[in-house]
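S.K.: The following comprises the amino acid sequence and a computationally predicted model.
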Amino acid sequence: MARNVLVTGGGTGIGYAIAQHFAEQGETVFVTGRRTGPLKEAADRIGARAVVCDHTDPEALARLLTELPESVDVLVNNAGGNTDFDTGAASDLASYARDFRANLDANLVSAALTTKALEERLAAGGAVVHIGSIAGNRGGGSYGAAKAGLATWNIDLAGALGARGITANVVAPGYIADTEFFRDRLTDERRTQLVTETAVGRPGSPADVAGAVAFLASPAARHITGQVLHVNGGAHPTR
Ligand SMILES: NC(=O)c1ccc[n+]([C@@H]2O[C@H](COP(=O)([O-])OP(=O)(O)OC[C@H]3O[C@@H](n4cnc5c(N)ncnc54)[C@H](OP(=O)(O)O)[C@@H]3O)[C@@H](O)[C@H]2O)c1
């Protein structure tokens, strides 16, 4: 039977590849995002259902619930990004506080709120997968701090959902090309540096991340929970 899958931020980049992967497997896929146009176009291309939602907003999440089925098998908390790319350098403490909180909201609070909103609807035997980042291990200011927090918060989530046979894991990508993540901020030099850091000598693709997410949501991964799976081409080896 087809599973119900929600991919947050599924209109572009990594989220789109994840949604496409599940749709191609015959699952019923819901994608969200804040911009109606690109979201609907993406959903139409892959046969997914589009629901406009800002995952940092509790009221928007309450509205999202009215658009979703009673039971959700797979939740992918992918929506996020480095909000510092959209702002200039903070000129005073108040701006610094606003910008720091923006990254926590976009990458940590959004996933926590979405999971809380859907908690009762998560199907027994299902899976929650968050998209973290290599920055959670290596730095990256408030963005990296938010992604590190996501992995730490996930430990208790895995404990809470485990009794229902639901797994909760993080997939932490390194540099992934062909997304809107970097806006116009990625110089050729920086790109070369990011690729040089990998063992495989290439950027990751959104499909690389989708494969890892699909595995964690599959029957083969029912005893894997509370973990971080790194998808970074060896740029940050772990033991
Ligand atoms: N690309 C990389 O190198 C890389 C590396 C490590 C981790 N990541 C992580 O991977 C995830 C996906 O990023 P990406 O690279 O695919 O970039 P992207 O193309 O910018 O995708 C982010 C998506 O999330 C949506 N989104 C952002 N904030 C949202 C919110 N508050 N509510 C709802 N939707 C929201 C965006 O759509 P709207 O703007 O329309 O809302 C967009 O579709 C992010 O969590 C990012 O931090 C990316």
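M.R.: Cool, got the structure.

S.K.: contacting residues for Ala123?
M.R.: Neighbour list for Ala123: 3-4, 71-73, 166 [criterion: CB atoms under 8 Å, 6 or more residues apart in numbering]. Backbone N, C-alpha and C define where each C-beta goes, glycine included.

S.K.: Which secondary structure state does it sit in?
M.R.: Here Ala123 is recorded as strand under DSSP: H, G, I helix; E, B strand; the rest coil.

S.K.: quick one: contacts for the residue of the chain most remote from its centre?
M.R.: Largest separation from the mean C-alpha position in the chain: Asp92, at 30.7 Å (CA atoms, centre = their mean). Contacts for Asp92 (CB under 8 Å, 6+ apart) come out as none.

S.K.: How about Thr8: what's its closest non-neighbour residue?
M.R.: Excluding its sequence neighbours, the residue lying closest to Thr8 (CB to CB, 6 or more residues apart in numbering) is Ala79, at 3.9 Å.

S.K.: For the top helix by length along the chain, name the packing helices and strands.
M.R.: Of all the segments of type helix in the chain, defined by DSSP state H, the longest one is helix 141-162. Counting contacts by 3 or more CB pairs under 8 Å, 6 or more residues apart in numbering; DSSP states H and E, helix 141-162 is packed against helix 93-104, helix 110-118, strand 122-131, helix 135-138, strand 167-173.

S.K.: Can I get it in PDB? Just the C-alpha atoms.
M.R.: Listed next in PDB are the C-alpha coordinates belonging to helix 141-162 (Å, rounded to 0.1, in the frame of the first residue of the first chain):
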ATOM      1  CA  GLY A 141      27.800  30.200  13.000                       C
ATOM      2  CA  SER A 142      24.200  30.200  14.000                       C
ATOM      3  CA  TYR A 143      23.300  28.000  11.100                       C
ATOM      4  CA  GLY A 144      25.700  25.300  12.200                       C
ATOM      5  CA  ALA A 145      24.500  25.700  15.800                       C
ATOM      6  CA  ALA A 146      21.000  25.100  14.700                       C
ATOM      7  CA  LYS A 147      21.900  22.000  12.700                       C
ATOM      8  CA  ALA A 148      23.900  20.700  15.600                       C
ATOM      9  CA  GLY A 149      20.900  21.300  17.900                       C
ATOM     10  CA  LEU A 150      18.700  19.400  15.500                       C
ATOM     11  CA  ALA A 151      20.900  16.300  15.900                       C
ATOM     12  CA  THR A 152      20.900  16.600  19.700                       C
ATOM     13  CA  TRP A 153      17.200  17.200  19.900                       C
ATOM     14  CA  ASN A 154      16.600  14.200  17.700                       C
ATOM     15  CA  ILE A 155      18.100  11.900  20.400                       C
ATOM     16  CA  ASP A 156      15.100  12.400  22.700                       C
ATOM     17  CA  LEU A 157      12.700  12.400  19.800                       C
ATOM     18  CA  ALA A 158      14.000   8.900  18.800                       C
ATOM     19  CA  GLY A 159      13.500   7.800  22.400                       C
ATOM     20  CA  ALA A 160       9.900   9.200  22.500                       C
ATOM     21  CA  LEU A 161       8.800   7.600  19.200                       C
ATOM     22  CA  GLY A 162      10.700   4.300  19.600                       C
END
